[in-house]
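Visitor: return a 3D structure for these sequence lines:
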Amino acid sequence: MMLRYALQTVRDRKGGFIGAFLALMCAAALITACGTLLETGLRGTIQTERYAAAPVVVSADQNVHQTTVKHKKGKTKVKHKAKPIAERAWLSDDMAHKLKGVPGVGKVVPELTFLAEPLTPAAGDLTDKPAYGHAWESAALTPFRLVEGKAPRAADDLVIDRGLAESARLKTGDRLTVQSTQAPRSYRITGVAAPAEGPLAHQTSLFFSAGEAERLAAHPGQITTLGVVPAKGTGTDDLKKAVADAIAGTKAQVSTGDDRGPVEFLDAAGARIKLVSMGGAMGGTSLLVAILVVVGTFALSVQQRHRELALLRAIAATPKQIRGLLGREALIVGAAAGVFGSLAGIPLGGWLHGKFVDMGAVPATLERTVSVFPLFAAVAATLLGAWAAARLSARRIARIRLRDALAEARVERTRPPWSRIVAGLVLLAGGAVLVAVLSVLRTEPASTPVTFLTVVVLSSAIALLGPLVVRAAAAVLRGPLRLSGPVGRLAHANLRGNAARMAAAVTPLALLTGMTCTVLFVQPTLGDAARAQAREGIRADWVLAAQGSGVPAEAAQELRTTEGVEAATEVVRTTVRVGLDKYPAQGVSTAGLTRTWDPDVTAGSLKGFGKGNVAVSELAADQLDLKPGSTLKLTLGDGTKTALKVSAVYARGLGFGDLTMAHDLVARHVDNPLAATVLIKSDRTQEQLSAGVGKFPGVRVLAPAAADSLQAERQQANAEVNYLAMGLILAFTAIAVVNTLAMSVSERIREFAMLRLAGASRRQVLGMLRTEALCVLLIGTALGSGIALAVLTAFSVGMTGSAAPSVTPLVYVSVVAVAALLALTATALPGRAALKPRPVTVATAKE
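Guide: Numbering: from 1, shown residues only. Predicted coordinates:
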C-alpha cells in the first residue's frame, strides 16, 4: 500500500522531486567517475611494446622492502611491506651469462634503455612521444627490422624508427643531434627500422652501436633488463619456472604476459599508486559533499511538503508509516537517479582520465579500465544516501503529535531540535580539532586529505546549525534592511521567520565558497613558500637552464673553466627512501657550494661537504631524529643502499628538498643525470656566459628572477592537475547551489500571491527576492570564506611555518562573483516564473 502511494506521490509531484533527483544523479555520476579512476589504478593494464617478442623478461626489483617481526602473547607476527623506488633499478650483466645455460632457454637478449632525445638545430624536440636509446642488439626484443640502410657499427652511427623518420622527414645519410645522458652529439643516420607488428604507440626508439649505447647508458657493468626467448618446444610457463629457479636468491624478478608492461613503463607502474590515491581522495570527498548536499536537498523537499505530511498525521498515519513513505519515495528517486547518474559517470570518467593524460599526470601507457563495479557502487551509495537523507529529514514530522500536526505545518519552529544543535556543536568541535591537527602536519600527503575533510566537516556543522546562524545574521542585518524600505523589511521578516528554508540555501553556498577558495589557494600557499625559500637561498648571479631534459655536465664544466666564473653548482633532483618513507632530495656540486647556495644552516656546517655527507632539512631531522654527526642510512633512487654522515641541518627544506647530497653520488643513481639547473657565481655578463654554452642546444643563461618565473609556470602547470581533480566536486556543489535556491523559490507561489493581494507590486516582490538572495549570498560567502581562511591558515602554519596563506584578491573576488551570479540567477528565474500566474487564481486554488 505504502509503496503504491509512494509511486503515486512521485508521479504526481514530479516538480517537487526534480531537485532531489538532480542532486542524486550528479552525486552518482561523480562517484562513478572517481570509481573508474580508482579501478584504473588498481586494475589498469600496461601493455608491453619493446618486449613483445620476449615472452619472459628478467628485471631488477623495483621496490624497497621492510620486514617487521612482533611478538605478542606468545605469538609471532611477521609483516612485510614494500614501496616502489623513484628511479630504475639495474641488473648486473653477469645475469645474462647465468641464464644462457639454463635448460629451455633459447636466446638471452640484454637490454639497455636510457634517455635519448632527438633535437632540431633550434633545440626543439622532434617527437611528442618519450624517446629512448637502445643498443641495436636488443632490437630483436620487439622485434625491430631494418626497412632502409644498415645497422649501426661506429660510435656515431644511428638507426631511428620509421615513425620519427616520417614525422621529421629524415632519411639515411642525414645527421641528427641527440641529447642523451652526456653532451649533445651529432650522429649519422645509417638506417631506419620498423616494428614487425606496427609502430609503437607510446615511445620513439633510437638504436646505437653496442659501445656507444653502453657509454650513454652510464651504468658500466649493468643492464636494464634481459629478454629471454624459449628454445623450440619450451612453453612460457616452463621457461618462467626454469629462469626463476636459476636466479633464486638474487634481487631479480621474472615477468611474463601483462606483467612485462610495468617493467617497461616504470612511470605507468608508479602512476597506478598515484591514481589510486587521487581516485580515493576525490571519491571520498565527493561522497562526503554528496551526503551533505543530498541531505539538505531532501530536508528542503520535506519542508515543502510539511502541510501534506502533517495532514497524513492528522488522519492517523503513524510515525512509522510516514518514515516508510518518505523512505520509499527516496528509494524510487534514488534508484532512477543512480542509474542515470552512473551511466553518465562513465564518459565523465573517460573525459577526466583523458585530461589527466594530456596534463602528464597519468601516462598514456596506463590503459583505462571500466567495469560494472563503479556503477554498482554509485547506485548503492545513491540509494543509501537518499534513504538516509529522507529518514533524517522525516524525523521531526514523524514525531509530531496528532493534535499539533496542522498547527505545526503553518508555523516554522523558532528553534531547531536539541539533537540537531548538539550534533552541529559536535561537528563544529570536530572541525576545530581538525584545524588544530592540520596546523602541526608538515608533509603534503598527510595534510591534503585533512584539509578538504576539515572544509566538509565545518560545512556540515553550518548545515546543522544553519537556522540559528541565519537568525543571528538577521539580527545583525536588521538595521540596514529596515533602512532599505518595504522590500528590505519583507526580506528581514523572511530571514527571521523562515530561517530553516534560508539555511538550506546558505549551506551549499558556504560549501562552494569554502571548498573553491581552499582548492585555489592551497597549492599557491605551498608553492609560493617554496619559491620564496629558493629565492632567498640562491646566491648565484646567473642560473643555467635547459629547454629539454636538462643541462649536460659538460656545459657546467665549460663555464667552470671560463675566466671570471667563481663557481658552477649543478643541481640534480630525485626521491629517496629512508626505511619506507619517501623524501625529496637533490644532489649538488660540492666545489664552491657556499658561494652559490645558502639553505640557512641552523646546525652543523657545509664546510668540507663531500660524497660521504648529507645535509638534511629541519623537518627530516625531526622526523628521523638526526643531528650533525649522525649516520643516515637511506635507499637511493635506483634502490642502492648507502650510509652518509649528517654534516648540516637547514631551514629551507621547502625550497631545496629534505635531503641534499653530493652531485656525483646522486647522478650515478638516477635515470636522468642531467642537471635541472646550474647555479653560476660570476661577474660576467649574460651575453658572455651565453657565448660559452652556445654549442649546447637549448641551454640558456637566465637571471635568478627569470628562473623563478619559469618555476612559477611549472608550479601552475602542476596545480592545474589538482584544480581539475577537484573541479568536478566544485561543479557538483555549484549545481547544488542553483538547485537548492530554485527549489526554495519555486515553492513560494502562494506566498507571492498573498503579497500581491495585500498590495505589493510585482517589482517589490522581485526586489524582496533579490534582497533575500543577497543576504543569503552574504551569509554563505562569509561563512565559506571564514572556513577557508581557518583551513588555509592552519595549512600554512603546518607546511610553511607562517600563518600567511597565499590569497590572490582578484581570484577571491572572482569566486564571490561567480557565487553571486549563481545565487541571483537561481533566484530571479524561478521567481519570475512563480509570479506569472494571477494572484487571485493561486490564492483560491486548492492545495
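
Visitor: which residue packs closest to Thr356, ignoring adjacent ones?
Guide: You called it Thr, but residue 356 is Phe. Val362 (4.2 Å; Cβ to Cβ, 6 or more residues apart in numbering). Any C-beta I mention is one placed from the backbone N, CA and C, and that applies to glycine too.

Visitor: so what touches stretch 772-779?
Guide: 469-470, 473-474, 477, 481, 491, 494-495, 502, 505-506, 509-510, 741, 819-820, 823-824, 827-828 (Cβ atoms under 8 Å, 6 or more residues apart in numbering).

Visitor: among the residues you listed, name the ones in strands.
Guide: Judged by DSSP state E, the subset of these located in strands is empty.

Visitor: how about the biggest strand by length in the chain: buried residues?
Guide: Counting residues, the longest strand in the chain under DSSP E turns out to be strand 565-578. Using 16 or more other Cβ atoms under 10 Å as the test for burial, strand 565-578 gives 565, 567-578.

Visitor: helices along the stretch 51-200 of the chain, start to end?
Guide: Ranges of helices in the stretch 51-200 of the chain, per DSSP state H, counting those that start in this stretch, are 94-100, 162-168.

Visitor: let's have these in JSON lines, adding distance to Gly798, mean neighbour count and mean pLDDT.
Guide: Listed next are the helices of the stretch 51-200 of the chain as JSON lines, based on distance: least, Cβ to Cβ, whole Å; neighbours: other Cβ atoms under 10 Å; pLDDT from 0 to 100:
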{"stretch": "helix 94-100", "distance to Gly798": "46", "mean neighbour count": "15", "mean pLDDT": "89"}
{"stretch": "helix 162-168", "distance to Gly798": "48", "mean neighbour count": "17", "mean pLDDT": "91"}
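
Visitor: quick one: the helix or strand following the longest strand of the chain to strand 565-578, angle?
Guide: Once the chain leaves strand 565-578, the next helix or strand it forms, by DSSP states H and E, is strand 581-588. Here strand 581-588 runs at an angle of 160 degrees relative to strand 565-578 (axes from the mean of the first three to the mean of the last three Cα atoms, to 10 degrees).

Visitor: only alpha carbons, please: show strand 581-588 as CSV.
Guide: In CSV, the C-alpha atoms belonging to strand 581-588 read as follows (Å, rounded to 0.1, in the frame of the first residue of the first chain):
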residue,chain,number,x,y,z
ASP,A,581,59.4,6.8,3.9
LYS,A,582,59.9,9.0,0.8
TYR,A,583,61.9,12.2,0.9
PRO,A,584,62.6,14.7,-1.9
ALA,A,585,66.3,15.0,-2.4
GLN,A,586,68.9,16.8,-4.5
GLY,A,587,72.5,16.4,-5.5
VAL,A,588,74.7,19.5,-5.7
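
Visitor: by contact count, what packs against the helix or strand following that strand?
Guide: Note on strand 581-588: by DSSP H and E, the next helix or strand toward the C-terminus is helix 593-596. Counting contacts by 3 or more Cβ pairs under 8 Å, 6 or more residues apart in numbering; DSSP states H and E, helix 593-596 is packed against strand 565-578, strand 677-682.

Visitor: so which of the helices of the stretch 51-200 of the chain is nearest Gly430?
Guide: helix 94-100 (55.4 Å; Cβ to Cβ).

Visitor: so what secondary structure elements neighbour the closest one?
Guide: strand 105-111, strand 225-230, helix 236-246.

Visitor: go again with 10 Å.
Guide: Counting contacts by 3 or more Cβ pairs under 10 Å, 6 or more residues apart in numbering; DSSP states H and E, helix 94-100 packs against strand 56-60, strand 105-111, strand 222-223, strand 225-230, helix 236-246, strand 252-256.

Visitor: for the record, mean pLDDT for stretch 320-330?
Guide: Stretch 320-330 shows a mean pLDDT of 78 in the predicted model.

Visitor: let me fix that: stretch 54-66
Guide: On average, stretch 54-66 scores 93.

Visitor: what does stretch 658-674 give?
Guide: pLDDT averaged over stretch 658-674 gives 94.

Visitor: what about the strands in the stretch 51-200 of the chain?
Guide: 56-60, 63-72, 75-84, 91-92, 105-111, 114-115, 117-119, 131-135, 144-149, 157-161, 175-179, 185-195 (DSSP state E, counting those that start in this stretch).
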